[in-house]
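Engineer: any chance you could fold what I've pasted below:
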Amino acid sequence: MDRGHTDNGDLTGFTGRGGRGGPAGPVGPVDPAASADLADLAELDGRITGCRACPRLVEWREEVARTRRAAFADQTYWGRPVPGFGPPDASLLIVGLAPAAHGANRTGRMFTGDRSGDVLYAALHEVGLASQGTAVSADDGLSLHGVRITSPVRCAPPANKPTPEERDTCRPWLVRELELLRPSLRAVVVLGAFGWQAALPAFAQAGWEVPRPRPAFAHGTRVTLTSPARLDLFGCFHVSQRNTFTGRLTPAMLREVLRTAASAAGLTTRPYDG
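Structural biologist: Just a heads-up that it's a prediction; the model follows:
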């Protein structure tokens, strides 16, 4: 089943899908370091999808898109960098790790089409921050309420492990995203230690004052960044199968972090009635 993605044979002249499903406008290969001149999130998202800065990641994401998993053999994979998902005036940001090879690398939307996303979007829906609790494709009608989801690495990495160099090469995209969200952003949930370590330098580059020494990651930790405006940063175990299948991260634990962060962001949540 083709979910509306363009053919992956030529990945350098993509025209986005627009709307909630993806970024709009033609883009080409770009340098992440040139992101500072991008005026809004729509333009940033479009540029991100054309990035080819990391050869290992480009080769892997495109190879996965060509070969496909048997369960998705009838689908056309996205096979490109994945932009952030959510409104441009979000007051709460969720930062993950990187797209999953057969999840966001297939669907073109953050945490969509894999079990990690199943857990995350179910929790967001249960606390009233998402329109539905499922995320199967970029055109499934899902919308977020005051929340945006992003990652410090935009391409699916082999074995879900980007290198430090790839993380650092991708950082300017996250820095510019934070700068563009700054007028409305009040709280951030970071999923996992990798995201935490990648996000702190990005917050510093985007203008916030990060404590020294840099705070360590822990589930449930809360750190307040200052200047240009207060920003509450929350740590949460990643919604990976390794954590959710073993009970290290339970749905209740995730809902509690999301509810606390949403309150800090000024968002209204609803009690869980499950």
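Engineer: tell me which helix or strand T169 sits in.
Structural biologist: Assessed by DSSP states H and E, T169 sits inside helix 164-181.
Engineer: report the buried residues of that helix.
Structural biologist: Judged by neighbour count (16 or more other CB atoms under 10 Å), helix 164-181 contains these buried residues: 166-167, 169-181. The way it works is simple: take the backbone N, C-alpha and C, and place the C-beta from them, glycine included.
Engineer: and the gap between Q197 and R259?
Structural biologist: Between Q197 and R259 the distance, using CB to CB, to the nearest Å, works out to 25 Å.
Engineer: so these two - more neighbours on which side?
Structural biologist: Of the pair Q197 and R259, R259 is the one with more neighbours under other CB atoms under 10 Å, namely 20 against 16.
Engineer: just the buried residues of helix 164-181 now: which is nearest D37?
Structural biologist: When the buried residues of helix 164-181 are compared for distance to D37, the smallest value, 9.0 Å, is given by R176; criterion: CB to CB.
Engineer: tell me, how many residues neighbour the residue nearest to the closest one when sequence neighbours are not counted?
Structural biologist: Closest residue in space to R176, ignoring its immediate chain neighbours: S35 at 4.2 Å, by CB to CB, 6 or more residues apart in numbering. As a burial measure, S35 scores 22 neighbours (other CB under 10 Å).
Engineer: do the same with T134
Structural biologist: Counted with other CB under 10 Å, the burial measure for T134 works out to 15 neighbours.
Engineer: same check, this time on C236
Structural biologist: By the measure other CB under 10 Å, the count of residues near C236 is 28.
Engineer: can you tell me the closest non-neighbouring residue to it?
Structural biologist: In space, not counting the residues next to it along the chain, C236 is nearest to V257; the distance is 4.4 Å by CB to CB, 6+ apart.
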